[in-house]
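1. Got a sequence here, can you model it:
(one chain, ligands or ions: 1)
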Amino acid sequence: MCSVQVYTNLVTTNSTVSLAKAIDLYNRIKDSSTMEQQILQAPYAVLCCVGTLLAAWFVNWVYRWTNPPCRGKLPPGSMGFPIIGETFRFFRPSISLDIPTFYKQRLQRYGPMFKTSLVGQPVVVSMDPELNRFIFQQEGKLFRSWYPDTSNSIFGKDSICSYDGTLHRYVRGLAARKFGHEILKGDFLAELSGTIASSLQAWAAEPSIEVKEGISNMIFDMTARKLIGVDVKCARELRRNFESFFKGMIAFPLYFPGTTFYQCMQKRRKVQNVLKEMLKERLSTPEKRHGDLLDIVVHDLLSENSVADVKFTIDAIAALLFASFATIASTLTVSMKLLTDHPKVVEALTEEHEAILKKREGLNSSITWEEYKSMKFTAQVMNEMTRLSNVAPGIFRKTLKDVQVNGYTIPAGWLVMISPMAVHLNPTLFEDPLNFNPWRWQEDKRSTILRNFIPFGGGIRLCVGADFSKVFIALFLHTLVTKYRWREIKGGNVLRVTEIVFPEGYHIQLLPRI
Ligand code: HEM
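-> Alright, predicted model coming up:
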């Protein structure tokens, strides 16, 4: 009840109380009521203050998020909503081979370089071939390899994505010993050819083959044997664990059941455990040789000058196992679909490979390095396959200091993402980019487009598996077009997110050529 009402009641209901007493009483009640009110109001005032401070902090935080600090002018673009940034827009797929709208809209609005925020990190995306070249050249000076936190968690903090200097050279050296140019020129060529021939023979005995699964098994069975010396059964079990890694590379680092990141981390743990056990056993019996990469790493780990430790070695082997099959399998699956839809390309390929067979002396002799090098049209087809498939979701770097580019500043510590896809499918750089046209790579036409072609990255981090991939694909095509034809059974619809996916797979039937 308010104090004036109390006073009125007192005056009217009790006539014996004098006016002076009433006034005195009123004043005392008023004082006590004001105190009571003040006591009651104090927490509200504190709450109001805290609320105002919080609101001010929040407004400032949102402002800082959308306008990150920079000693210069940031590239154009939007940082999106706090924390989630533009992640959801980034992951919205395109339902064809074409670039997702996320890139198209920003290319139109801001040009070939823009800022954004993905999976909680500020990123500058480059679709600019000149800038890409600059980034590759400045590796270790202005930029260093660095992948989003999820990638680093999946492949290991110092893993293949981000190692530097001595370790970088060490891992490249390891990979070269099993997949390098010199090895390919030797017995490995015949071995690869034999593996592909027997796998395709097995495919032809089946009513239907899911292409990606078939190719993944074909490569992984072999690379797992070369790297860690396991048999087919063990290789197949291990391979399952790698399936979600591509998706997890650029995902929100949310670690709870159901999220992509959680699934990847569970699989990573399984791979790690298998490799850890293997390495432990090999380290305890170093005199036993198996002829695989583990022999080499065990020898290196036990040497006095070892540059790597057990943890790093396990991460590096896991990354090599993943890279060795996932990339080629995705490229070849897209390629099989493209070939099915372009019979003229298959015709021209067949012509080239039949000519090689005709020239070959012994019909049963294996393919030679000279024959591989003579496959001019096949090389054009492979360029077109890698240009359209773009399996690398992005090539990531971190700025080591503030970097000035085209009048803008990329602050130190920011991620830069080179998008090979956005370059390869840009109509101003590749005419009619969605058209599968191997003839665009003819010698007299290709000099300018080659400058913009980066399926295997560039600079000192150029893919170590590039030669192996090209040889594998060429040999696969050689056996495919000279011995078989095929028909589509089901699937084949594509979605392009960061990489291309076939939601229903791509199923074909392989038939021997008569
Ligand atoms: C079509 C097949 C392939 C494509 C499109 C591809 C793409 C790439 C790209 C774009 C990079 C550069 C990454 C960066 O700069 O951060 C890279 C690096 C790498 N790739 Fe491949 N790759 C393929 C096959 C392979 C294979 C078969 C292997 C293993 C045998 C492999 C192992 C590696 C390794 C170890 C690196 C890191 C190189 C370094 O940091 O120095 N790749 N790959």
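2. Which secondary structure state is assigned to the closest residue to residue 354 other than its chain neighbours?
-> Using C-beta to C-beta, 6 or more residues apart in numbering and skipping residues adjacent in sequence, the residue nearest residue 354 is residue 482, 6.4 Å away. Yep, even glycine has a C-beta here, placed from its N, CA and C like the rest. Using DSSP: H, G, I helix; E, B strand; the rest coil, the three-state assignment for residue 482 comes out as helix.
3. Number of residues surrounding residue 482?
-> Neighbour count of residue 482, defined by other C-beta atoms under 10 Å: 14.
4. Correct me if wrong: it contacts residue 355.
-> No. Under the criterion of C-beta atoms under 8 Å, residue 482 is not in contact with residue 355, lying 10.5 Å apart.
5. Need the pLDDT of the residue nearest to residue 354.
-> On pLDDT, residue 482 comes in at 96.
6. What of the one 3 residues further on?
-> The pLDDT attached to residue 485 in the predicted structure is 97.
7. Make sure it is indeed in a strand.
-> Yes. Secondary structure assignment places residue 485 in a strand (three-state DSSP).
8. Kindly report the residues of the protein close to the ligand.
-> 145, 160, 168, 172, 175, 179, 320, 323-324, 327-328, 331, 386, 391-392, 395, 455-457, 461, 463-465, 468-469 (C-beta under 6 Å from any ligand atom).
9. What about those, which are in strands?
-> Counting by DSSP state E, the part of the residues of the chain next to the ligand found in strands is 145, 395.
10. just so I have it, where are all the strands in the stretch 101-250 of the chain?
-> 113-118, 121-126, 143-145, 209-210 (DSSP state E, counting those that start in this stretch).
11. Dump those strands into TSV; add mean pLDDT and mean neighbour count as well.
-> Below are the strands of the stretch 101-250 of the chain laid out as TSV (pLDDT from 0 to 100; neighbours: other C-beta atoms under 10 Å):
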stretch	mean pLDDT	mean neighbour count
strand 113-118	95	23
strand 121-126	95	23
strand 143-145	92	20
strand 209-210	97	21
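12. Leaving out sequence neighbours, find the closest residue to residue 341.
-> Once flanking residues are discounted, residue 341 sits nearest to residue 436: 7.4 Å by C-beta to C-beta, 6+ apart.
13. could you list every residue that touches that neighbour?
-> Listed by C-beta atoms under 8 Å, 6 or more residues apart in numbering, the contact set of residue 436 reads 338, 341-342, 345, 384, 388.
14. ok, now residue 107?
-> Residue 107 neighbours (C-beta under 8 Å, 6+ apart): 127, 422, 426.
15. Highest neighbour count among these?
-> residue 127 leads the contacts of residue 107 on contacts (other C-beta under 10 Å) with 26 neighbours.
16. Who are the contact partners of it?
-> The contact partners of residue 127, taken as C-beta under 8 Å, 6+ apart, are 103, 107, 112-113, 419, 422-423, 426.
17. Mind picking the two most distant members of these?
-> Largest separation among the contacts of residue 127 by C-beta to C-beta: 113 and 426, giving 13.0 Å.
18. Closest one of the contacts of residue 127 to the ligand?
-> residue 419 (10.8 Å; C-beta to the nearest ligand atom).
19. Wait, that closest one touches residue 124, no?
-> No. Between residue 419 and residue 124 there is no contact under C-beta under 8 Å: 11.1 Å.
20. quick revisit: now the strands of the stretch 101-250 of the chain as JSON lines including distance to residue 256?
-> Below are the strands of the stretch 101-250 of the chain laid out as JSON lines (distance: least, C-beta to C-beta, whole Å):
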{"stretch": "strand 113-118", "distance to residue 256": "20"}
{"stretch": "strand 121-126", "distance to residue 256": "20"}
{"stretch": "strand 143-145", "distance to residue 256": "29"}
{"stretch": "strand 209-210", "distance to residue 256": "31"}
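21. Ok, which of the ones you listed comes nearest residue 272?
-> strand 143-145 (21.6 Å).
22. what helices or strands is the closest one leaning on?
-> strand 395-399 (3 or more C-beta pairs under 8 Å, 6 or more residues apart in numbering; DSSP states H and E).
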